[in-house]
Structures are given as C-alpha cells and as structure tokens.
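In: quick one, what's the 3D model for this:
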Amino acid sequence: MSESIKPDPTIVVVFGASGDLAQRKVVPALYDLYLDGWMPDRFAIWGVSRTEMSDDAFRERMREGVDQFSRRCKASDPDWNAFAPHITYTSADPTVAETQQALAERLREQEKAWDAHANRVFYLATPPAVVEPTAEQLGKAHLTRSRVRVVVEKPFGHDLASARALNQKLTRIFDESQLYRIDHYLGKETVQNILAFRFANTLFEPLWDRRYIDHVQITVAETVGVGHRGSYYDRAGALRDMVQNHLLQVMCLVAMEPPVSFDANEVRSKKVDVLRAIRPIPPERVHDFAARGQYDEGWLDGEYVSSYRSAPKVAEDSGTETFAAVKFFVDNWRWQDVPFYLRTGKRLPVRASEVNIQFRPVPHQPFPASTAGQWFPNRLTIHIQPDEGILLRFLAKQPGMPMRLSPVHMRFGYREEFKTTPPEAYETLLIDVMRGDATLFMRADQVEAAWAVVMPILDAWEAMSPLEWPNYAAGSWGPEEAEALIGQDGRSWFQPTAQASEGAETPCQDEGGSESEET
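Out: A predicted model of the protein is given here:
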C-alpha cells in the first residue's frame with residue numbers, strides 16, 4: 001500500500017524459523033521481493049529456532065521452500081547464490097533471556113558494520129503459546145525502540161477474553177504502532193482491489209447501499225481437508241479459523257464507508273466501524289443466523305477421501321465444525337436490513353474464494369414476458385482466488401427478431417489485463433512491514449471487535465453438542481442447514497464453478513496451499 005520506494009536497511013528476525021511458515025511463505029516471499037528489486041540494498045534474514053541446524057542446512061531447507069512455493073518457481077543457482085548469504089540461523093530458545101540479549105548485541109554489531117540504523121522486524125512464526133514469552137524477553141532486552149516492528153500470526157487469541165488479554169500484554173511491551181497482526185487475506189491483490197474498485201470509480205459507489213443491493217455473499221471454499229493440522233484445527237474449527245478473521249475482514253472492505261485518506265489508522269477505523277455496527281445475534285436465535293457442519297467420507301474429483309474424524313490427531317467423536325455459514329446485518333444508514341451471508345468449508349467441490357454483490361431487480365419490467373425470457377438481476381462477482389478478477393452480469397438482447405433477453409458478462413482478469421502474475425500476499429505484507437505501513441494489518445480494536453461478533457455463535461455451539469455428525473459428504477456444498485439458512489429468506493447460494501476456479505496457478509505450487517493451512 002506504500003509508495004514505490006525501497007525500505008531502509010532492514011534485519012528480519014524469524015522466530016520459529018524451522019517451521020513450515022518460514023519455509024512455505026516468509027522466505028519465498030522475501031526471495032521474490034529480492035528478485036523484483038524491492039528489498040533494501042542492505043538486509044539480513046536471521047532464523048531463530050530451537051531445532052539444531054547449521055547455516056548451510058537452514059539455507060538448504062529454505063531453498064527447498066523457494067523451489068516449491070516461490071511465485072517464480074525453482075531458483076536458479078546465480079539468483080540463489082546471491083540471496084543465500086543474507087540468511088543465517090541460530091539454534092536458540094526465543095523465550096529465554098540469554099537468547100534475546102545475544103540478539104540485541106548481534107543487532108548492534110550489524111548496524112555498526114552497516115554504519116546505519118536498521119529496521120528491526122521480529123516475525124513471530126511460532127505457536128501461539130510462545131508469542132507472549134518471546135515478546136516479554138524482547139522487552140527485557142530493550143528491543144522495543146521505534147524502528148522495531150513485531151509481526152504476529154493468527155490465531156490471535158482463542159476467544160474474546162484471550163485476545164483482549166494478549167493485546168494488553170503486547171501493548172505493555174510495544175506501542176500499538178509497532179504491532180503488525182497479519183492476516184494474509186488482506187494482502188491478496190483482489191482483496192485490495194475491492195477498495196480501488198469502490199473508491200476510484202464513480203460507476204458503482206453511488207449504487208453501493210441498501211437502495212440497490214439486495215444482499216452480499218462471501219464464500220471461501222476449500223477442497224482440502226485438515227491435513228497435518230488436526231491437533232490445532234480440532235480446537236479451533238471453521239468459525240475461528242476462517243470467519244472470525246478472513247471473511248469478516250473481506251466483509252469490512254465491502255461494507256466500510258469511504259475513508260478520508262489512505263492513512264493506516266483511517267482505513268482501519270472505517271473497518272472497525274463496520275464490525276461495531278454488526279447486529280448482535282441473540283443467543284436463543286443463533287440457529288436462525290448460523291449453520292455448521294462436519295465433512296464425512298466421500299468422493300472429490302474422482303478420488304475417495306476419508307472423513308474429518310479419520311484425520312490424524314482428531315478426536316473420534318469430534319464435534320468441531322469444518323463448515324460454517326453465518327448471516328450478518330450491518331445496522332447503519334448504508335446497509336440497514338441488507339443481509340451479508342458468509343460461508344466457508346473444507347472438502348467442498350471446488351477451491352474458490354469470491355464475493356457476490358447481488359443487486360435488486362429493476363422496479364418495472366417493460367418487455368413482454370412472452371418473448372423476453374427469464375429475468376436476472378445484475379450481479380457483481382469479485383474472484384479473490386485462484387483466478388483473480390471481477391465479473392459483472394447484466395441482461396442484453398439476443399440477436400434476432402424477438403425481444404429476447406439473456407444474461408451476459410463483462411470480465412476483468414488480472415493476468416489477461418496486466419500480463420503478469422500478481423505478487424503473493426506475503427510479499428505485499430512483508431514489504432509494508434519493512435516500510436512501516438500498517439494499513440493492511442489488524443489493530444487491537446479490530447481483533448477484539450471481530451471476536452465480539454462471533455462470540456454468541458461460539459458460545460451457543462459449545463453449549464450444545466451437534467447431533468448426527470458428520471452431516472455433509474466430502475465433495476458436496478455443505479450441510480442442509482446451510483441451504484436452509486439462506487433459503488428461509490427466499491434466496492440461494494451462488495456456487496462457484498469449476499471453470500471459475502481454474503486459475504493459472506504458479507506451476508511449482510500444489511493445491512495443498514489451503515488458505516487456512518498457510519498459518
């Protein structure tokens with residue numbers, strides 16, 4: 001979101017560097033930024049983790065990650081040999097004082113060698129339980145000065161109380177402006193383009209309210225199961241893992257009021273306004289506003305897949321939802337009584353993330369019903385992944401003598417229009433961290449407001465064990481309860497098609513890149 005300038009000299013310290021996140025996301029993103037000329041002229045990447053490993057072994061592990069997950073695919077020897085010397089590794093426990101004291105001394109020595117003050121990015125790619133003690137030791141080592149930026153991965157808390165407690169602990173050590181709570185969804189090109197589409201064009205913004213929009217649907221569908229994340233996912237579930245962060249943040253971009261400027265706090269304040277305006281769900285009516293499900297065995301793309309309860313480290317009688325659908329209302333002047341339907345699930349038929357803006361029907365239909373054919377209201381579809389683009393459906397006259405109408409589409413595709421592959425979300429977010437731009441990161445009050453929105457649902461679901469689970473087959477579009485949730489309003493879900501999800505994926509990436517698996 002910042003202007004096109006390189007950051008100042010930067011040292012990126014990745015705590016938990018031996019884990020998947022550093023290999024799959026962080027280092028491949030930094031490598032792509034380096035090849036594109038966005039990294040500072042002077043930079044260093046220091047991995048810190050408890051696992052015993054040499055510098056060379058760590059670099060080899062990171063190269064394997066770059067070869068598989070980089071947007072540019074396999075690294076050439078010259079490119080990697082130029083990048084690799086910037087990477088070093090230290091085997092140490094980040095939660096003990098000695099580690100952070102040694103780090104402080106090493107940082108001072110590096111800045112002295114560069115003869116420059118450096119941005120210090122502390123990336124906490126650690127399990128949630130390690131975040132707080134690591135932050136405490138950073139504070140005790142006096143690593144909290146103004147150029148320090150601390151990146152915290154999700155999950156940010158398990159509920160409202162734990163998120164609030166974590167915020168209080170972190171803000172006692174660091175200033176809020178130093179904290180970058182990362183949600184990779186906000187770094188996606190098409191998610192950011194929601195803002196450009198709305199606020200840079202006069203064509204749609206005047207129509208973007210309750211007078212012309214019937215409802216909004218936001219879908220994040222995954223074909224994968226829980227993979228190796230069973231121990232985490234069985235404590236979290238779809239509502240915590242996806243709705244509380246990703247889907248609500250996308251909803252905020254769709255529903256927010258125009259910002260006065262693109263100042264980070266101005267944009268984030270507009271998002272908070274949306275979250276605080278969401279109509280509270282009465283505990284006794286949660287079933288009218290939310291539906292959940294868990295996938296069973298089934299067939300997906302011609303392959304048999306087992307049930308969620310059969311996944312490693314998942315309880316045999318687990319009541320954790322792998323599908324969640326929620327209906328929200330935003331009680332303000334723009335959106336009063338316009339429903340926002342959000343849904344996400346695993347083992348669904350296609351991998352796709354999209355926003356559908358359904359406009360109201362025209363107030364009067366002057367064409368003869370005998371020849372005009374079926375009427376379709378206008379619909380705007382924003383494809384977030386995997387094929388980034390925007391699709392507008394409208395009615396046009398078919399060729400021929402009768403006045404016969406047919407739905408047609410105007411399409412904008414990123415790859416076709418710009419002839420390039422958009423940067424990965426982590427590239428955008430990491431360069432913003434290095435520049436000190438927090439626009440795409442969540443503020444403490446955003447996190448807490450999002451938790452407050454979903455807590456009535458979580459409390460109701462945890463108080464009542466689901467019956468007759470699993471309740472949807474792998475390869476289907478979820479449980480019947482989800483259809484009833486929207487059907488009771490006389491509407492139906494828009495199903496992403498296989499064609500819409502056939503984006504030109506980076507050749508070296510596999511579909512194992514489930515969005516929720518990234519963190």
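
In: gap between the spatially most central residue of the chain and residue 482?
Out: For the chain, the residue nearest the mean C-alpha position is residue 185 (2.4 Å; Cα atoms, centre = their mean). With distances taken as Cβ to Cβ, to the nearest Å, residue 185 is found 21 Å from residue 482. Every C-beta, even on glycine, is put in place using the N, C-alpha and C of the backbone.

In: swap in residue 40?
Out: Residue 40 is 47 Å from residue 482, by Cβ to Cβ.

In: out of those two, which sits in the busier spot?
Out: More crowded of residue 40 and residue 482, by other Cβ atoms under 10 Å: residue 482, with 24 against 18.

In: in a helix, that one, correct?
Out: Yes - Residue 482 forms part of a helix when assessed by DSSP: H, G, I helix; E, B strand; the rest coil.

In: isn't it right up against residue 492?
Out: No - if you go by Cβ atoms under 8 Å, residue 482 and residue 492 don't touch, sitting 10.7 Å apart.

In: what about the chain, any weak spots by pLDDT?
Out: For the chain, applying pLDDT under 70 flags the ranges 1-4, 369-374, 497-519.

In: tell me how it divides into domains.
Out: Annotated domains of the chain cover 10-153, 186-497 [automatic domain parsing].

In: could those go into CSV alongside distance to residue 180?
Out: What follows is the domains of the chain, written out as CSV (distance: least, Cβ to Cβ, whole Å):
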stretch, distance to residue 180
domain 10-153, 5
domain 186-497, 4
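
In: of those domains, which is nearest residue 172?
Out: Across these, residue 172 has its closest neighbour in domain 10-153 (8.0 Å, Cβ to Cβ).

In: the strands in the stretch 151-300 of the chain, which residues?
Out: Using DSSP state E, counting those that start in this stretch, the strands found in the stretch 151-300 of the chain span residues 179-181, 213-221, 290-293, 295-300.

In: give me the helices and strands touching the first one, please.
Out: Contacts of strand 179-181 with other secondary structure elements, assessed using 3 or more Cβ pairs under 8 Å, 6 or more residues apart in numbering; DSSP states H and E, are made with strand 148-152, helix 444-463.

In: and the contacts of the longest one?
Out: Applying Cβ atoms under 8 Å, 6 or more residues apart in numbering, the set of residues contacting helix 444-463 from outside is 156-157, 159-160, 163-164, 167, 171, 176, 179, 181, 239-240, 243-245, 248-249, 268, 271-272, 275-276, 278, 280-283, 286-287, 289-290, 292, 321, 326, 328, 442.

In: take those residues and keep only those in helices.
Out: 160, 163-164, 167, 171, 248-249, 268, 271-272, 275-276, 286-287, 289 (DSSP state H).

In: show me which of these are buried.
Out: Buried by 16 or more other Cβ atoms under 10 Å: 160, 163-164, 167, 248-249, 268, 271-272, 275, 286, 289, out of the ones in helices among the contacts of helix 444-463.

In: can I get the residues you listed in CSV including distance to residue 98?
Out: Shown next, in CSV, are those (distance: Cβ to Cβ, whole Å):
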residue, distance to residue 98
160, 35
163, 30
164, 31
167, 28
248, 40
249, 38
268, 37
271, 40
272, 40
275, 41
286, 49
289, 51
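
In: close enough to count as contact, residue 325 and residue 485?
Out: Yes - with contact defined as Cβ under 8 Å, residue 325 counts as touching residue 485 (5.4 Å).

In: and which of the buried ones among the ones in helices among the contacts of helix 444-463 is nearest residue 103?
Out: residue 167 (24.2 Å).

In: which one is that closest one nearest to, not counting chain neighbours?
Out: residue 444 (4.3 Å; Cβ to Cβ, 6 or more residues apart in numbering).

In: the one you found: how many residues sit nearby?
Out: 18.

In: what's the answer for residue 215, then?
Out: 18.

In: show me what it is bridged to.
Out: Using DSSP bridges, the bridge partners assigned to residue 215 are residue 358.

In: that one: what's it in contact with?
Out: Residue 215 sits in contact with 338-341, 358, 489, 491, where contact means Cβ under 8 Å, 6+ apart.

In: narrow these to those in strands?
Out: Those of the contacts of residue 215 mapping onto strands are 339-341, 358, per DSSP state E.

In: what's the farthest-apart pair in those residues?
Out: 340 and 358, at 11.0 Å, using Cβ to Cβ across these.

In: shared neighbours of those two, anything?
Out: Contact criterion Cβ under 8 Å, 6+ apart; residues shared by residue 340 and residue 358: 215-217.

In: re earlier: so residue 325 and residue 485 - more neighbours on which side?
Out: Set residue 325 next to residue 485 and count neighbours by other Cβ under 10 Å: residue 325 wins out with 29 against 23.

In: name the SS class of the nearest residue to residue 365 once chain neighbours are set aside, please.
Out: Using Cβ to Cβ, 6+ apart and skipping residues adjacent in sequence, the residue nearest residue 365 is residue 375, 6.2 Å away. Of the three states, residue 375 takes coil under three-state DSSP.

In: and the residue of the chain most remote from its centre, how far from residue 146?
Out: Ranked by distance from the centre of the chain (Cα atoms, centre = their mean), the top residue is residue 401, with 49.0 Å. As judged by Cβ to Cβ, residue 401 and residue 146 stand 73 Å apart.
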